[in-house]
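A.B. asks: show me the folded form of this:
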Amino acid sequence: MCSSISQQEPSLYTVKAVLILDNDGDRLYAKYYDDTYPTVKEQKAFEKNIFNKTHRTDSEIALLEGLTVVYKSSIDLYFYVIGSSHENELMLMSVLNCLFDSLSQMFRKNVEKRALLDSMDGLFLAVDEIVDGG
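C.D. replies: Coordinates of the predicted model:
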């Protein structure tokens, strides 16, 4: 009950973006839920930056450009869930794990680029069900 700790206003909007990149860092899926990166050019630059910073590391969390990024890789795919810098990493990680587990079920444990491209409609549905407008 310490009142001196400044608290961010609580919000249901925890996810700023969901990204799936291939092993070259190219976009396969991207959904942004706010105007942090309003143009496609800015989004692609951010995606390249994020990929360059994360694709060689074993960690699961990064702080980049004032954002919290949780990520996971599988065969030839990189999955990212992005939130603000004050966002709870466990919440973002649960979104990421839910997305990954859903795709794993849909693709019968074969979460790779070809399976993803063959079932993009399933991916859109899964993301829309997991993340409701952010």
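
A.B. asks: bridging residues for the residue nearest the centre of the chain?
C.D. replies: With distances taken as Cα atoms, centre = their mean, Val81 lies nearest the centre of the chain, 1.9 Å away. Beta-bridge partners recorded for Val81 (DSSP bridges): Val18, Val70.

A.B. asks: and for the longest helix seen in the chain, what are the contacting residues?
C.D. replies: Scanning the chain for the helix with the most residues, using DSSP state H, yields helix 89-106. With contacts defined as Cβ atoms under 8 Å, 6 or more residues apart in numbering, helix 89-106 is touched by 14-15, 18, 60-61, 68, 70-72, 74, 79-83, 111, 116, 119, 122-123, 126-127, 130-131. Every residue, glycine included, has its C-beta placed from N, CA and C.

A.B. asks: let me see the mean pLDDT of it.
C.D. replies: The pLDDT scores in helix 89-106 average 88.

A.B. asks: list the buried residues for that helix?
C.D. replies: If you call a residue buried by 16 or more other Cβ atoms under 10 Å, then helix 89-106 has these buried ones: 92-93, 95-96, 99-100, 102-103, 106.

A.B. asks: how about that helix as CSV, C-alpha atoms only?
C.D. replies: C-alpha atoms of helix 89-106 as CSV (Å, rounded to 0.1, in the frame of the first residue of the first chain):
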residue,chain,number,x,y,z
GLU,A,89,5.9,-9.3,-19.7
LEU,A,90,4.0,-12.3,-18.3
MET,A,91,0.8,-11.0,-19.9
LEU,A,92,2.5,-10.5,-23.3
MET,A,93,4.2,-14.0,-23.0
SER,A,94,0.8,-15.6,-22.3
VAL,A,95,-0.5,-14.1,-25.5
LEU,A,96,2.5,-15.3,-27.4
ASN,A,97,2.2,-18.8,-25.9
CYS,A,98,-1.5,-19.0,-26.7
LEU,A,99,-0.9,-18.0,-30.3
PHE,A,100,1.9,-20.4,-30.7
ASP,A,101,0.0,-23.3,-29.0
SER,A,102,-3.1,-22.5,-31.2
LEU,A,103,-1.0,-22.7,-34.4
SER,A,104,0.8,-25.8,-33.2
GLN,A,105,-2.6,-27.5,-32.7
MET,A,106,-3.9,-26.2,-36.1
